[in-house]
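**Student:** Fold the following, please.
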Amino acid sequence: MKTIEQKVMTNVAVIYIGRKFVSRTALRLYALAVSAVGIVTFVSVSNVTTNFTNVAQNGIESTVAFLIAAILGTTIVVQIALLLGAAAVFSLIVDAVRSISSSSDSRQLAA
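**Tutor:** Numbering: from 1, shown residues only. So this is what the prediction gives:
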């Protein structure tokens, strides 16, 4: 039979791990993964990559036109997946920048 301390520590560990699985960063990573799976499922990535490399040789204007046409020419599911993925990437970048800036601020205070 476990002692009360072991039971309490087990519960604390379960709660800690559960909170890590539903943290903001984890949820953003889940959103990014769902977005990637949705895009790969509904889009022929190899064809898009081939077409993009051909168009990219013609300059920035044709590349922008291709990207706009590729996004607007897809189904609503793919557009939502792209929006979800872009929002997840943006929020992860913002968090990373904040983390880096706060760590540099704390180093300046320590010096």
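**Student:** Can you report how many residues neighbour S35?
**Tutor:** Around S35 there are 21 other residues, counting by other Cβ atoms under 10 Å. All C-beta atoms are positioned from the backbone trio N, CA, C, and that covers glycine.
**Student:** and if you look at A88?
**Tutor:** 20.
**Student:** Name the helix or strand for it, please.
**Tutor:** Applying DSSP states H and E as the criterion places A88 in helix 76-110.
**Student:** Over that helix, what's the mean pLDDT, rounded is fine.
**Tutor:** On average, the pLDDT along helix 76-110 is 86.
**Student:** Return the set of buried residues in stretch 64-77.
**Tutor:** 66, 70, 74 (16 or more other Cβ atoms under 10 Å).
**Student:** Export those residues to CSV and append columns for secondary structure and distance to A87.
**Tutor:** Formatted as CSV, the buried residues of stretch 64-77 follow (DSSP: H, G, I helix; E, B strand; the rest coil; distance: Cβ to Cβ, whole Å):
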residue, secondary structure, distance to A87
F66, helix, 22
A70, helix, 19
T74, coil, 17
